[in-house]
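Chemist: Provide a 3D model corresponding to the input given below.
(4 chains)
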Number of protein chains: 2
Amino acid sequence: MTPDRLPRILRPHRLSEEVGAVLDRRIRSGAFAPGERLPTEARLSEEFEVSRAVVREAIARLKAEGLVESRQGAGAFVARRLGAGIFRMGPGLAEADGALDIFELRLIVEVAAAERAALRRTPEQLEVIASALARMDVALDRGEDGATADDDFHCAIAAASGNPLIGRFVAFVSQEFSASRAPTWSAEGVSRGLARAARDEHRALFEAIAAGDVEAARQAAQRHLLSAAGRLGVVVPTPHAARG
Amino acid sequence: MTPDRLPRILRPHRLSEEVGAVLDRRIRSGAFAPGERLPTEARLSEEFEVSRAVVREAIARLKAEGLVESRQGAGAFVARRLGAGIFRMGPGLAEADGALDIFELRLIVEVAAAERAALRRTPEQLEVIASALARMDVALDRGEDGATADDDFHCAIAAASGNPLIGRFVAFVSQEFSASRAPTWSAEGVSRGLARAARDEHRALFEAIAAGDVEAARQAAQRHLLSAAGRLGVVVPTPHAARG
DNA sequence: GCGAAGAAAGTTGTCTGACAAGTAGACAAA
DNA sequence: TTTGTCTACTTGTCAGACAACTTTCTTCGC
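Modeler: Numbers count the residues shown, from 1 in each chain, chains lettered A, B, ... in the order given. As a prediction, this is how the structure comes out:
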């Protein structure tokens, strides 16, 4: 646990964010039911003792997130389908239990991506994967940080799955959780051989994809992600434990 | 009970949305580079010939979407990592090739969710799944629309996976693609027996989860989703074809 | 000349008041 | 009951002002 993140200690408070956060909670908690009309802007500005401009800005955020829809003259309404069109991880998910949840989702999607990449990758896509792998090797030899190349490697595999949606989703998750690769590539991680272990797992995965061996790719991807979780002290239970 | 969900044929234009759309395009197209400072609010309000309030509301949306960050006194800046923290499907994805991509992602995540639900579901969660199944039966008997119950069924299984992230993601994908269930539950679909076929698949999946049989749950979920895709005329290739 | 303190200009955040555009409910007329 | 009108209400937009904060420039002491 290396929490090098100091998010909002020094950030000056913004009224519109506070108001937005309160409304957000009320909506998600069900205090305002879907389809129900929100109090008017004037009413809210009274309740929170802020100007209408602040309320409007807060509601603008909620509208952008798909939680609220407003109609001129009628009012603002809680969306019938909360947050349609947008998926977000939510802050603070990258720690404690959240890490396990994210790793499990990564395991599911990235293993599937690896299988499909083994089947469908084009020579060009294989080249991109190989390039990321090579950059990791260079970083390892020189004792530099290979976290970015690590990131690229995973994203390149997902991109080679032939499904752009999978590619984008893996990129999203990986970005969201990029901090998780830091311990492996830190000075301590390198000295403890974590980076080298990760490199070997990556190579096995690459070779399986290069060979077009779906089953080997599945196993290599699963082994790698479980090991990566282990390097963070997270144990991901898997229904396939007997097979993997 | 009035379902006022007509597609808003002629939505009155909202200035803030138009301004926001223009800025959105400029940022995504790279006209404003990541990290670069945006023109000031005053400048933008001049350019678009709108009030500063409109510009602020537009920027508030972009901030909510993670495209822009602003600092009081300094200005508004294009985010270094565009849209970090948010995943969206993008419009128009639910047709043509997009349907295949979404179905493949659904297949991956929902099959995994079914496996985990078979392992981890609590009696309460099983009850929720059973309830959705029962509602589908009622709808089928009465010739009513069971699409909502169908939706609930899938989401309930994902929720029973024990991983809230999976639950939310399936809810997201399913919502995004809710139109896909319509053909099954339409009058024509019911008369052609599509709804009945779907019901049988659902029941098999439910029983596998109730019995805690991981392998059966996996197969039932896969079979159901592939059949569902087939009912839409989509053929999803799967690396597990030999096994399933 | 140079570094530091301070002034000045510029920018976002918030407040206030006002009017335009659009909606919903009441009420009267047919 | 149906229809049309009216009125109160709500959101959308505008304008101007000030506060809070950042950046840049100026000035002063050395």
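Chemist: what about residue A:150, how many neighbours?
Modeler: As a burial measure, residue A:150 scores 25 neighbours (other Cβ atoms under 10 Å in any protein chain shown). Quick note: C-beta positions are derived from backbone N, CA and C, even for glycine.
Chemist: same deal with residue A:30?
Modeler: For residue A:30, the count of nearby residues is 11 (other Cβ under 10 Å).
Chemist: Scan chain A for its longest helix.
Modeler: Ranked by residue count and defined by DSSP state H, the top helix of chain A is helix A:97-120.
Chemist: now chain A, which segments are flagged as low pLDDT?
Modeler: Chain A contains residues with pLDDT under 70 at A:1-12, A:83-85, A:90-98, A:178-185, A:187-192, A:240-244.
Chemist: Pick out the residue of it closest to chain B.
Modeler: residue A:64 (3.7 Å; Cβ to the nearest Cβ).
Chemist: Contact residues of chain A facing DNA strand C?
Modeler: Contact residues (Cβ under 7 Å from any atom of the strand) of chain A with DNA strand C: A:14-16, A:49-54, A:57, A:71-74.
Chemist: go again using 10 Å as the cut-off
Modeler: Proximity of chain A to DNA strand C, by Cβ under 10 Å from any atom of the strand, involves residues A:12-20, A:37, A:41-42, A:45-46, A:48-58, A:71-75, A:77.
Chemist: if we look at DNA strand D, which of those residues are close to it?
Modeler: Contacts with DNA strand D are made by A:12-13, A:37, A:41-42, A:45, A:51-53, A:55-56, A:71-75, A:77 out of these, judged by Cβ under 10 Å from any atom of the strand.
Chemist: Give me the buried subset of the residues you listed.
Modeler: A:41, A:45, A:55-56, A:77 (16 or more other Cβ atoms under 10 Å in any protein chain shown).
Chemist: Show me those that map onto strands.
Modeler: residue A:77 (DSSP state E).
Chemist: mind giving me the domain split of chain A?
Modeler: As recorded under automatic domain parsing, the domains making up chain A are A:15-78, A:97-231.
Chemist: For those, please prepare a markdown table with the additional fields distance to residue B:146.
Modeler: Shown next, in a markdown table, are the domains of chain A (distance: least, Cβ to Cβ, whole Å):
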| stretch | distance to residue B:146 |
| --- | --- |
| domain A:15-78 | 20 |
| domain A:97-231 | 27 |
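Chemist: Return the most buried member of the ones you listed.
Modeler: Of all the domains of chain A, domain A:97-231 has the most neighbours on average by mean count of other Cβ atoms under 10 Å in any protein chain shown, namely a mean of 20.
Chemist: any residue of that domain up close to chain B?
Modeler: Yes - legend: contact between domain A:97-231 and chain B by Cβ under 8 Å from any Cβ of the partner chain is shown at A:98, A:101-102, A:104-105, A:108-109, A:112, A:115-116, A:118-119, A:163-166, A:168-169, A:172, A:175-176, A:214, A:218.
Chemist: And for stretch A:64-84, what's in contact with it?
Modeler: A:23-24, A:27-28, A:32-38, A:40-41, A:59, A:62-63, A:85-86, A:88, B:12, B:60-61, B:64-65, B:172, B:175-176 (Cβ atoms under 8 Å, 6 or more residues apart in numbering or on different chains).
Chemist: Show me where chain A has its strands.
Modeler: Under DSSP E, chain A gives strands at A:68-71, A:75-78, A:87-88.
Chemist: Which secondary structure elements does the shortest one sit against?
Modeler: Helices and strands touching strand A:87-88, as assessed by 3 or more Cβ pairs under 8 Å, 6 or more residues apart in numbering or on different chains; DSSP states H and E, comprise strand B:86-87, helix B:164-176.
Chemist: Show me what the shortest one is in contact with.
Modeler: Think strand B:86-87. A:86-88, A:168-169, A:172, B:65-66.
Chemist: Those residues: which two are farthest apart?
Modeler: For these, the maximum inter-member distance is 17.1 Å, found between A:169 and B:65 (Cβ to Cβ).
Chemist: mind listing what residue A:56 touches?
Modeler: Contact analysis of residue A:56 by Cβ under 8 Å, 6+ apart lists A:41, B:53, B:57.
Chemist: Look up phi and psi at whichever residue of chain A sits closest to DNA strand C.
Modeler: Proximity to DNA strand C, evaluated over chain A using Cβ to the nearest atom of the strand, is greatest for residue A:73 at 2.5 Å. Main-chain torsions, residue A:73, degrees, to the nearest 10: phi 90, psi -30.
Chemist: gap between it and residue A:40?
Modeler: 11 Å (Cβ to Cβ, to the nearest Å).
Chemist: just residue A:81 next, same as before
Modeler: For residue A:81, the distance to residue A:40 - Cβ to Cβ - is 23 Å.
Chemist: And for residue A:201?
Modeler: Going from residue A:201 to residue A:40 by Cβ to Cβ gives 57 Å.
Chemist: same question, residue A:144
Modeler: 57 Å.
Chemist: And residue A:164, by the same measure?
Modeler: According to Cβ to Cβ, residue A:164 stands 43 Å off from residue A:40.
Chemist: for the residue most central in space within chain A, what are its contacts?
Modeler: Centroid-nearest residue in chain A, with Cα atoms, centre = their mean: residue A:173, separated by 2.4 Å. Neighbouring residues of residue A:173 by Cβ under 8 Å, 6+ apart: A:89, A:102, A:105-106, A:109.
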